[in-house]
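*Asks:* Could you look at this predicted model? Sequence included:
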Amino acid sequence: MRIHFVAIGGSIMHNLAIALSNKGFQISGSDDEIFEPAKSNLKKYNLLPEEIGWHPSKIDQSIDAVILGMHAKQDNPELIKAQKLGIKIYSYPEFIFEQSKNKKRIVIGGSHGKTTITSMIMHVLNGQNLNYDYLVGAQLEGYETMVKVTNDAPIIIMEGDEYLASPIDKRPKFHFYKPDIAVLSGIAWDHINVFPTFENYIEQFQIFIESISENGTIFYNAEDENLVHIIQQAKNPCKKIPYREHDSSIDRNITHLKTQNGSVPIQIFGSHNLQNLQAARLICEEIGIDQASFYQAIQSFKGASKRMELLNSNDNISVYKDFAHAPSKVKASIAAAKDQFSNRSLIACLELHTYSSLNKKFLDEYANTMNIADNAIVYFDNHALSLKQLPDLNIDDIKKAFANENLEIINNANELEQTLLNHKKPDSTFLLMSSGNFGGVNLEKLSKELTV
């Protein structure tokens, strides 16, 4: 079967291209920009397009299907040519479902924690030497690709993203997967450029619940009121099993799980991660992994990429980088760092980078999210505003939205770096939160300077 990828340079798109090539498909692709690591990954597998750009001449009747990435536009010349020729066009979640129809599908959804729960499950499965396929939203340590699809694996673990499937199919990705087993970790309004109201956002999760197999199971976070409410309203007769944060204690800045067989030290921390861990444990149990094996494996789990990632530390200063950007994630990450290092000052820095976070209409959602930090800093880049075609942000408006008069607000990368260095003192934790790159600040170098 010959598959052509329109926008092959995307994070998941290029990983799917590699996975299908490994499965024996003939793969071609195009894109108008391909960055690292996609460029090197595609080159390694001889899948890197010979020239950048869109080339309708690549589209002919020898192609069995086109997979269309979100980076492409509706007027993409290769897409238009494929439509004229009547070639079947898939979004990548639609094609993933086609490749997993005969497998047990396990889908991890929710506004936060998806990547962490998915990677926890994968980490434990690896320890059991089980054969499984997967789709995860971040590059994980020990995995060459973010996607694996084979003929023989009996199960597939999928991160279920609520963002849109493709430029011509505006349904959320997780609506395609039709899980046999599902997790919903919680609901907190995000992606206001796509879901302009909270009610519209909630509706996507209601649809997801109804898409679960009638004989299936959903595990849901009972500590999330919005989620509990829609679970109670759901008509799907599938099994609905609540979970809560795993019991734990903190000793000398290390979290220990409380289990029937004693205390189990782990390398991650925070209430949100203990909720994620409990979800992962239940999924592993559902597919036949006993608790002793789970607890043994989870001790070596260091966290998903960019999720509360330790950049550097010494005896009394630690510097963490975290992917947190939505209000609920910011609040949870700050609380986690404060609880774990209760004997230290917490310097929390958030970059406003997403469309939602840079939108004045959404800013009020951040009220009080940073208040428990000893020093709270918000950084934004005017270039990001212009790229997203959003109006300038007013510093007073940001302070008012965050409901924090002591908030430090910075929009210059050099000034940000110096401000963080000025906050350096013994017994401190630095938490740097962003889905971006803080205007190009070298975080590795900065973290070393903060800990020397």
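*Replies:* Ah, there it is. Residues are numbered from 1 along each chain as shown.
*Asks:* Next, the residue lying closest to Asp247 once chain neighbours are set aside: phi, psi?
*Replies:* Closest residue to Asp247 apart from its sequence neighbours, by CB to CB, 6 or more residues apart in numbering: Lys258 at 4.0 Å. (Glycine included, C-beta is placed from N, CA and C.) With angles defined as degrees, to the nearest 10, Lys258 sits at phi -90, psi 120.
*Asks:* what are the bridge partners for Lys258, then?
*Replies:* Bridge pairing for Lys258 (DSSP bridges) gives the partners Ser263.
*Asks:* Would you confirm that Asn15 contacts Tyr143?
*Replies:* No: Asn15 is not in contact with Tyr143 according to CB atoms under 8 Å; the separation is 9.8 Å.
*Asks:* Between these two, which has more neighbouring residues?
*Replies:* Asn15 (24 against 17; other CB atoms under 10 Å).
*Asks:* ok, now how distant is the residue nearest to Ile372 when sequence neighbours are not counted from Gly270?
*Replies:* Nearest residue to Ile372, sequence neighbours excluded (CB to CB, 6+ apart): Lys338, at 5.5 Å. From Lys338 across to Gly270, the span is 9 Å (CB to CB, to the nearest Å).
*Asks:* The two: who's more crowded?
*Replies:* Neighbours were tallied for Lys338 and for Gly270 using other CB under 10 Å; the higher tally belongs to Gly270 (22 against 19).
*Asks:* Now do the more buried one, the pLDDT please.
*Replies:* Looking at Gly270, its pLDDT stands at 89.
*Asks:* Over to it: give its phi and psi.
*Replies:* In terms of degrees, to the nearest 10, the main-chain angles of Gly270 are phi 100, psi 150.
*Asks:* To which secondary structure element is the nearest residue to it once chain neighbours are set aside assigned?
*Replies:* Spatial nearest neighbour of Gly270, excluding adjacent residues (CB to CB, 6+ apart): Ala336 at 2.4 Å. Using DSSP states H and E, Ala336 sits in helix 327-340.
*Asks:* which residues sit against that helix?
*Replies:* Helix 327-340 has contacts (CB atoms under 8 Å, 6 or more residues apart in numbering) with 111-112, 186, 188, 250, 253, 255, 269-273, 308, 320, 322-324, 346, 348, 350, 365-366, 368-370, 372-373, 429, 431, 433.
*Asks:* Just the buried residues out of these, in PyMOL syntax.
*Replies:* Selection of buried members from these for PyMOL, criterion 16 or more other CB atoms under 10 Å:
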select buried, resi 111+112+186+188+255+269+270+271+272+273+308+320+322+323+324+346+348+350+365+366+369+370+373+429+431+433
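*Asks:* so of the contacts of helix 327-340, which ones are in helices?
*Replies:* 271-273 (DSSP state H).
*Asks:* For burial, what's the neighbour tally of Asp31?
*Replies:* Neighbours of Asp31 using other CB under 10 Å come to 25.
*Asks:* The nearest residue to it once chain neighbours are set aside: what's it in contact with?
*Replies:* Among residues not flanking Asp31 along the chain, Gly9 sits closest, at 4.0 Å (CB to CB, 6+ apart). Shown in contact with Gly9 (CB under 8 Å, 6+ apart): 31, 33-35, 38-39, 42, 71.
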